[in-house]
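Chemist: Turn this into a structure:
(3 chains)
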Amino acid sequence: MRKWAIGAAVLALASFPVRPAPGQTPGTSAPTTTDEVKAASIPRLADGHPDLQGLWHNDSGYQAAMANMRNANGNLAVALGDFHGAGFPLPLPYLPIAEKVKDYRNLHDPYHDPEAHCHIPGVPREIEQPTSLFPVQIIQDEKNVVLLFEYAHDVRIIPEDDSSHPKHYWTWDGDSRGHWEGNTFVVDVANFNGRAWLDMEGNFVDENEHVVERYTMVDPNAIEYSATVEDPTVFTRPWTLHLTLKRNPPKEQIVYYDCHEGERDVQHYTRSEGNKANKHE
Amino acid sequence: MSRGLLPVLMLTVAVMTCRGLGAQGAGNGNQSKGAESYSPQRLTDGTPDFRGIWEARSTAFVNIEGHPAGKRVGAAKSIVVDPPEGTIPYLPDALKQRAERYANRVSADPASNCFQAGVPRATYLPTPFQIVQSVGNFAIVYTDNHAYRIVLPSAIPHDDGIDFFMGDSRGHWEGNTLVVDVTDLGDQTWLDAAGNYHSDRLHVVERYTLLGRDTMKYEATMEDPVVYARPWIIRLLLYRDKKPSARIIEDECLEGADGLWHHVSPFDAKAVVHHDYKAELEPARGNP
Amino acid sequence: MKSAAFAVVTGAIWLIGAAPAPAHHSFAAEFDLEKPITLHGTAVKWEMINPHGYITLDVKNDDGSVTRWSVEMGAPSTLYRNGWRKDSVKEGDELTISGFRARDGSNTIFGSQARLADGRRVLGGAPRAAPEAPPQGSSPPDKQPNP
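Modeler: Now for the predicted structure:
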């Protein structure tokens, strides 16, 4: 029944004026037949925009690394994630002093990573790391695109009206304002409080971070995501990460995950010099 | 997106169409028969449109059984409507436990550690929540501790054998009322700041009904055979924040030197970590 | 009560993949993937709580003394998806758990797989499976795990 409904919706929307996708001028030749077919099969809401709703996970990096274990065991053993996929452009283009700070934090303070203390991971980390293991539910109600993350019940309510950022407002997750450019949901994120890190190896951003995200549904089960991060007091230039959100199997749901209740890890963390991975005091 | 809701919705739409309840997508705002007959705006599948930012004006968060005027609040009566006396029908031993919690409430209240407020407490906190709703999807996002609940269709069985601070919610429509069945609440939340509490056997049934465009009635029935002698009901009104700029602000807690967690205001410039990288790298900071 | 600090071993799976161990949230700081261990003991407590589930396990050493171990596992949502429930472990259950030792020398491990009292094998949410082999031998505790 669902495919019928989608097909009917596509036919109904055939004459619906859609702004051209970025880089595409109206009247120029269309993409390949495969792309056309895929675009036609993308579910859409009544407002004409792609329907991003559902349960998704970041398919890059950690999941790929764990694929071997799945095959060998017949099961998927998952753990808390803090792992960059191939689309994360390491090494990041740090300013010289920021590079020193990154190395310092990596060697001395990795357990000061706020995420290890159960704080909101920030943008783009939440969608890049915990979401490789804990899914995100997207609800899109024609006023907002809402990201409900399983990890630490982080939430981002993103208005679709391209409204302005507030002044005098600073947060872990930033303030998000979105708008559609063709089939891409573009989100501008600012108003950070300088507290979130990028990982547990010292990579970081500060209160001057600014992010532009792009969510493009390329087929009914995949959203291409990119985040362009700039921070003039940390990096020499903007940099962009890419990842693919894949749809979780239909029967899966969010299983709520607080972080807070019985946190006991930090007391066992050990500091190390030099070869961080293998030595302990 | 779950598909189990579709047959339920189709049945609901069919029933409502038979009752001739107005055109799709339009509400008639007709209150001549009393607020209970209000016909709300609807989504394209005919379900009432609850989207928006809502807040209780009640001070039930202090004590749902009512309280005298205090430092920052006026006096309030109980929001318990059944039993009609307005008192929670605790079992005798549970009353003693409540007294103990009340006596220690400043430190014993799970909210003082920034745990999520649970159900129904999150509904009448003095901070707003947002209802996010599309065809087949319904979620409530609270300001407090950025808690959220996803209300799945009743056709999907509850998760079993695990506790959630905000419970496990399943919803269905009875006319214009959203009925939400909540289980798996654990025992780590209170019902207010006065020590009113429950066990992990708590079962809550909520009813959300629009009385007008900007007013919603909220009722919740609590049953817990370990703590209460019988089920009991609370009722209060919720009001829409109509400002176009209204948003749910971020609410995150930081651990303090006192071992407790404290809410950080996103409007507080002093809470921003301004980078001072030279200082961070100086050996005098105590790191070898 | 029959419990012993040696492993139950059949079909041990040693999985050291070619890829380096991902440095992930808390794991690398706290646990050592190169220090696998298998414990067989009696459950004292099972906490399916945030952010990690914990089993407190009393393990009888060869010399008759008992060491209390703390077994940390994954997030409750991960455990739930792997089949764990609030009632999966009861006080007194005999369990066999393989995992990785804490770096700080305390009697703490991250449990990667467990055999429950009813014989079911469940995963604990570690980055990889721990080889099920006899431990190097148990020693008296140098630190008590915090409850």
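Chemist: contacts and neighbour counts: CA atoms only from here.
Modeler: Fine.
Chemist: just for chain C, where's the confidence low?
Modeler: Across chain C, residues meeting the criterion (pLDDT under 70) sit at C:1-29, C:133-147.
Chemist: longest strand of it?
Modeler: Counting residues, the longest strand in chain C under DSSP state E turns out to be strand C:31-47.
Chemist: which parts of that one are buried?
Modeler: C:31-33, C:35-47 (16 or more other CA atoms under 10 Å in any protein chain shown).
Chemist: What ranges does the chain have for its strands?
Modeler: As the question left the chain open, I've gone with chain A. Going by DSSP E, chain A shows strands at A:54-58, A:136-140, A:144-149, A:155-159, A:175-181, A:184-190, A:210-219, A:222-230, A:239-247.
Chemist: nope, chain C
Modeler: Under DSSP E, chain C gives strands at C:31-47, C:54-60, C:66-72, C:94-102, C:108-115, C:121-123.
Chemist: Could you give the number of residues near B:P40?
Modeler: 25 (other CA atoms under 10 Å in any protein chain shown).
Chemist: quick one on the thing from earlier: near chain A, from the buried residues of strand C:31-47?
Modeler: For chain A, the contacts drawn from the buried residues of strand C:31-47 by CA under 8 Å from any CA of the partner chain are C:D32.
Chemist: Out of the buried residues of strand C:31-47, the closest to chain A would be?
Modeler: Using CA to the nearest CA, C:D32 is the member of these that lies nearest chain A, at 7.5 Å.
Chemist: and that closest one, what does it touch?
Modeler: C:D32 makes contact with A:278, C:100-103, according to CA atoms under 8 Å, 6 or more residues apart in numbering or on different chains.
Chemist: Contacts for stretch C:78-97 next, please.
Modeler: A:78-79, B:160-162, C:3, C:7-8, C:38-48, C:53, C:73, C:111-117, C:122-125.
Chemist: and that stretch, how far apart are its ends?
Modeler: End-to-end distance for stretch C:78-97, by CA to CA, to the nearest Å: 17 Å.
Chemist: Tell me what the residue nearest the centre of chain C is bridged to.
Modeler: Closest residue to the average C-alpha location of chain C: C:G111 at 3.2 Å, with CA atoms, centre = their mean. For C:G111, the beta-bridge partners under DSSP bridges are C:G99.
Chemist: Any chance of CSV for the strands of chain A, columns mean neighbour count, mean pLDDT and distance to chain B?
Modeler: Below are these laid out as CSV (neighbours: other CA atoms under 10 Å in any protein chain shown; pLDDT from 0 to 100; distance: least, CA to the nearest CA, whole Å):
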stretch, mean neighbour count, mean pLDDT, distance to chain B
strand A:54-58, 26, 95, 4
strand A:136-140, 26, 98, 7
strand A:144-149, 23, 98, 8
strand A:155-159, 22, 98, 6
strand A:175-181, 21, 98, 9
strand A:184-190, 22, 98, 13
strand A:210-219, 21, 97, 15
strand A:222-230, 20, 97, 14
strand A:239-247, 20, 96, 10
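Chemist: Redo the ones you listed as TSV? Include distance to B:P120.
Modeler: Shown next, in TSV, are the strands of chain A (distance: least, CA to CA, whole Å):
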stretch	distance to B:P120
strand A:54-58	26
strand A:136-140	23
strand A:144-149	20
strand A:155-159	20
strand A:175-181	28
strand A:184-190	33
strand A:210-219	35
strand A:222-230	36
strand A:239-247	32
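Chemist: Stretch A:45-61 near chain C at all?
Modeler: No: contact between stretch A:45-61 and chain C is absent, the nearest approach being 9.8 Å (criterion: CA under 8 Å from any CA).
Chemist: Next, the buried residues of that stretch.
Modeler: By neighbour count with 16+ other CA under 10 Å, stretch A:45-61 contains the buried residues A:45, A:48-61.
Chemist: hmm, which two among these are most spread apart?
Modeler: A:G48 and A:G61 (32.6 Å; CA to CA).
Chemist: How many residues are close by the nearest residue to A:N106 once chain neighbours are set aside?
Modeler: Spatially, and ignoring its direct neighbours in sequence, A:N106 is nearest to A:G202 (4.3 Å; CA to CA, 6 or more residues apart in numbering or on different chains). A:G202: 23 surrounding residues under other CA under 10 Å.
Chemist: What confidence value was assigned to A:G202?
Modeler: Looking at A:G202, its pLDDT reads 86.
Chemist: Repeat that for A:D59.
Modeler: A:D59 is given a pLDDT of 84.
Chemist: wait, doesn't it sit right on A:L245?
Modeler: Yes: counting by CA atoms under 8 Å, A:D59 touches A:L245, with 5.7 Å between them.
Chemist: Is the residue in chain B that chain C sits nearest to in a helix, a strand, or coil?
Modeler: In chain B, the residue found nearest to chain C is B:G161; the distance is 4.8 Å by CA to the nearest CA. When classified by DSSP: H, G, I helix; E, B strand; the rest coil, B:G161 comes out as coil.
Chemist: Show the low-confidence segments of chain A, by residue range.
Modeler: Applying pLDDT under 70 to chain A flags residues A:1-32, A:61-83, A:110-111, A:261-281.
Chemist: all helices for it, in order.
Modeler: All helices of chain A, identified by DSSP state H, fall at A:2-12, A:33-41, A:62-73, A:96-108, A:125-128.
Chemist: show me what contacts A:N203?
Modeler: A:102, A:106, A:197 are the contacts of A:N203 under CA under 8 Å, 6+ apart.
Chemist: Touching, the second one and A:D199? I think so.
Modeler: No: checked against CA under 8 Å, the pair A:N106 and A:D199 is beyond contact range at 9.6 Å.
Chemist: neighbour-wise, which of those two wins?
Modeler: Under the criterion of other CA under 10 Å, the comparison of A:N106 against A:D199 puts A:D199 first, with 25 against 21.
Chemist: can you list the residues of chain A near chain B?
Modeler: Residues of chain A lying close to chain B (CA under 8 Å from any CA) are A:53-55, A:97-98, A:100-101, A:104, A:108, A:119-120, A:139-142, A:144, A:146, A:148, A:153-155, A:168-171, A:173, A:193-195, A:206-207, A:250-251, A:256-258, A:260-261.
Chemist: The biggest helix by length in chain C: which residues count as buried?
Modeler: If you go by DSSP H, chain C has its longest helix at helix C:76-81. Under the neighbour-count criterion of 16+ other CA under 10 Å, helix C:76-81 has C:76-80 buried.
Chemist: The residues you listed into TSV, with extra columns for distance to B:S39?
Modeler: TSV is the format used below for the buried residues of helix C:76-81 (distance: CA to CA, whole Å):
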residue	distance to B:S39
C:P76	42
C:S77	40
C:T78	43
C:L79	44
C:Y80	41
